[in-house]
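Enquirer: starting from these lines, generate the structure:
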Amino acid sequence: MAEVFEITDEVKAQFGVETAPWVYEVTTTSVRMYARGIGSTDPIHYDVDFAKSQGFRSIVAPLGYVGTPAFSPETNDATFGFPRRQGGARLNLPMKGLLDGGTETEYFDYICAGDTLVETSHLADVKVKGNMVFVTNESVFKNQATGQVVAKQRLTSIHLG
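Expert: The predicted structure is shown next:
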(Lines give C-alpha, C1' and ligand atoms only; values in the text may rest on other atoms or scores of the structure.)
Protein backbone atom coordinates (compact mmCIF):
# COMPACT_ATOMS: atom_id res chain seq x y z
CA MET A 1 0.00 0.00 0.00
CA ALA A 2 1.21 3.50 -0.83
CA GLU A 3 2.32 5.81 1.92
CA VAL A 4 -0.20 8.37 3.08
CA PHE A 5 0.90 11.96 2.72
CA GLU A 6 -0.36 14.51 5.21
CA ILE A 7 -0.26 18.27 4.98
CA THR A 8 1.76 18.90 8.11
CA ASP A 9 2.68 22.18 9.77
CA GLU A 10 6.12 21.75 8.17
CA VAL A 11 4.49 21.67 4.72
CA LYS A 12 2.21 24.61 5.55
CA ALA A 13 5.25 26.64 6.64
CA GLN A 14 6.60 26.34 3.09
CA PHE A 15 3.63 28.08 1.47
CA GLY A 16 4.75 31.36 -0.06
CA VAL A 17 8.49 30.74 0.42
CA GLU A 18 10.00 32.36 -2.66
CA THR A 19 12.77 30.89 -4.79
CA ALA A 20 15.82 32.78 -5.88
CA PRO A 21 15.13 34.75 -9.10
CA TRP A 22 15.90 33.30 -12.51
CA VAL A 23 16.31 35.07 -15.85
CA TYR A 24 14.15 34.13 -18.86
CA GLU A 25 15.15 35.37 -22.30
CA VAL A 26 12.69 36.23 -25.07
CA THR A 27 14.38 36.20 -28.48
CA THR A 28 13.04 36.60 -32.00
CA THR A 29 14.08 33.03 -32.76
CA SER A 30 12.38 31.55 -29.69
CA VAL A 31 9.16 33.50 -30.31
CA ARG A 32 9.06 32.39 -33.94
CA MET A 33 9.81 28.76 -33.03
CA TYR A 34 7.07 28.68 -30.39
CA ALA A 35 4.58 30.32 -32.76
CA ARG A 36 5.46 27.82 -35.45
CA GLY A 37 5.15 24.95 -32.95
CA ILE A 38 1.59 25.93 -32.01
CA GLY A 39 0.62 26.46 -35.64
CA SER A 40 0.19 30.23 -35.54
CA THR A 41 0.46 32.05 -38.86
CA ASP A 42 -0.19 35.54 -37.41
CA PRO A 43 2.55 37.89 -38.70
CA ILE A 44 2.68 39.60 -35.29
CA HIS A 45 4.72 36.57 -34.14
CA TYR A 46 7.12 36.57 -37.11
CA ASP A 47 7.53 39.99 -38.75
CA VAL A 48 9.30 42.64 -36.64
CA ASP A 49 8.32 45.52 -38.94
CA PHE A 50 4.68 44.43 -38.95
CA ALA A 51 4.62 44.11 -35.14
CA LYS A 52 6.17 47.56 -34.76
CA SER A 53 3.60 49.01 -37.20
CA GLN A 54 0.97 47.68 -34.80
CA GLY A 55 2.54 49.53 -31.85
CA PHE A 56 4.63 46.73 -30.29
CA ARG A 57 8.33 46.84 -29.35
CA SER A 58 9.07 43.78 -31.51
CA ILE A 59 7.36 40.52 -32.44
CA VAL A 60 4.89 39.41 -29.76
CA ALA A 61 5.23 36.14 -27.86
CA PRO A 62 2.19 33.90 -28.39
CA LEU A 63 0.00 33.05 -25.42
CA GLY A 64 1.63 30.32 -23.35
CA TYR A 65 5.20 31.45 -24.03
CA VAL A 66 7.00 33.43 -21.34
CA GLY A 67 10.55 33.01 -22.56
CA THR A 68 13.29 30.46 -22.15
CA PRO A 69 15.20 30.03 -18.90
CA ALA A 70 18.78 31.17 -19.38
CA PHE A 71 20.78 27.92 -19.39
CA SER A 72 24.01 27.20 -17.60
CA PRO A 73 25.35 23.62 -17.32
CA GLU A 74 26.43 24.31 -13.74
CA THR A 75 23.04 25.50 -12.50
CA ASN A 76 20.32 23.96 -14.69
CA ASP A 77 18.73 20.53 -14.67
CA ALA A 78 20.43 18.56 -17.45
CA THR A 79 17.19 16.78 -18.45
CA PHE A 80 14.58 19.53 -18.40
CA GLY A 81 16.75 22.66 -18.56
CA PHE A 82 15.09 24.42 -15.64
CA PRO A 83 17.18 26.09 -12.95
CA ARG A 84 18.27 24.24 -9.83
CA ARG A 85 18.13 27.13 -7.41
CA GLN A 86 18.12 27.97 -3.78
CA GLY A 87 15.02 28.79 -1.79
CA GLY A 88 11.48 27.66 -2.36
CA ALA A 89 9.57 24.73 -0.96
CA ARG A 90 11.09 21.28 -0.54
CA LEU A 91 8.28 18.79 0.07
CA ASN A 92 10.24 15.53 -0.28
CA LEU A 93 7.15 13.62 -1.35
CA PRO A 94 7.27 9.83 -0.91
CA MET A 95 5.53 9.31 -4.28
CA LYS A 96 7.20 7.73 -7.30
CA GLY A 97 4.76 8.73 -10.05
CA LEU A 98 4.44 12.22 -11.51
CA LEU A 99 1.87 13.70 -13.89
CA ASP A 100 1.43 17.18 -15.35
CA GLY A 101 -1.66 18.69 -13.77
CA GLY A 102 -1.78 21.71 -16.09
CA THR A 103 -0.58 25.28 -16.37
CA GLU A 104 -2.63 28.47 -16.14
CA THR A 105 -1.12 31.76 -17.29
CA GLU A 106 -2.47 35.23 -16.49
CA TYR A 107 -1.02 38.10 -18.52
CA PHE A 108 -0.68 41.73 -17.44
CA ASP A 109 1.24 43.03 -20.45
CA TYR A 110 2.56 41.87 -23.80
CA ILE A 111 5.82 39.92 -23.86
CA CYS A 112 7.95 40.81 -26.88
CA ALA A 113 11.21 39.63 -28.40
CA GLY A 114 14.06 41.48 -26.73
CA ASP A 115 12.44 41.35 -23.29
CA THR A 116 14.30 39.80 -20.40
CA LEU A 117 12.06 38.50 -17.64
CA VAL A 118 12.95 37.70 -14.04
CA GLU A 119 10.95 34.84 -12.55
CA THR A 120 10.44 33.78 -8.96
CA SER A 121 8.12 31.07 -7.74
CA HIS A 122 6.56 29.83 -4.54
CA LEU A 123 4.41 26.99 -3.27
CA ALA A 124 0.79 28.13 -3.61
CA ASP A 125 -1.25 25.03 -2.71
CA VAL A 126 -1.07 21.35 -1.73
CA LYS A 127 -4.09 19.06 -1.78
CA VAL A 128 -4.34 15.35 -0.98
CA LYS A 129 -6.90 13.16 -2.76
CA GLY A 130 -6.55 9.47 -1.98
CA ASN A 131 -3.02 8.39 -2.87
CA MET A 132 -2.43 11.51 -4.97
CA VAL A 133 -0.90 14.82 -3.94
CA PHE A 134 -1.63 17.90 -6.06
CA VAL A 135 1.11 20.51 -5.74
CA THR A 136 0.60 23.97 -7.22
CA ASN A 137 3.46 26.42 -7.64
CA GLU A 138 2.96 30.01 -8.74
CA SER A 139 5.60 31.82 -10.79
CA VAL A 140 5.72 35.59 -11.19
CA PHE A 141 7.45 37.04 -14.26
CA LYS A 142 8.67 40.65 -14.17
CA ASN A 143 10.10 42.62 -17.06
CA GLN A 144 13.69 43.23 -16.01
CA ALA A 145 13.78 46.67 -17.65
CA THR A 146 10.63 48.05 -16.01
CA GLY A 147 10.13 45.84 -12.94
CA GLN A 148 6.48 45.42 -14.03
CA VAL A 149 4.77 42.04 -13.51
CA VAL A 150 3.95 40.81 -17.03
CA ALA A 151 2.62 37.33 -16.23
CA LYS A 152 1.81 34.85 -13.49
CA GLN A 153 1.75 31.11 -14.01
CA ARG A 154 0.23 28.43 -11.82
CA LEU A 155 1.72 25.00 -12.50
CA THR A 156 0.18 21.91 -10.94
CA SER A 157 1.95 18.57 -10.61
CA ILE A 158 0.22 15.37 -9.52
CA HIS A 159 2.32 13.01 -7.41
CA LEU A 160 1.12 9.40 -7.27
CA GLY A 161 1.75 6.91 -4.47
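Enquirer: how far off centre is the longest strand along the chain?
Expert: Taking DSSP state E as the criterion, the chain has its longest strand at strand 116-129. Computed by CA atoms, centre = their mean, to the nearest Å, the chain-centroid distance of strand 116-129 equals 9 Å.
Enquirer: could you point out which element follows that strand?
Expert: Downstream of strand 116-129, the first helix or strand assigned by DSSP states H and E is strand 132-143.
Enquirer: tell me the confidence at the spatially closest residue to S30 that is not a sequence neighbour?
Expert: Nearest non-adjacent residue to S30, counting by CB to CB, 6 or more residues apart in numbering: T68, 5.2 Å away. Glycine gets a C-beta too; all of them are placed from N, C-alpha and C. For T68, the pLDDT comes out at 91.
Enquirer: for T68, which residues are in contact?
Expert: Counting by CB atoms under 8 Å, 6 or more residues apart in numbering, T68 touches Y24, E25, V26, T27, S30.
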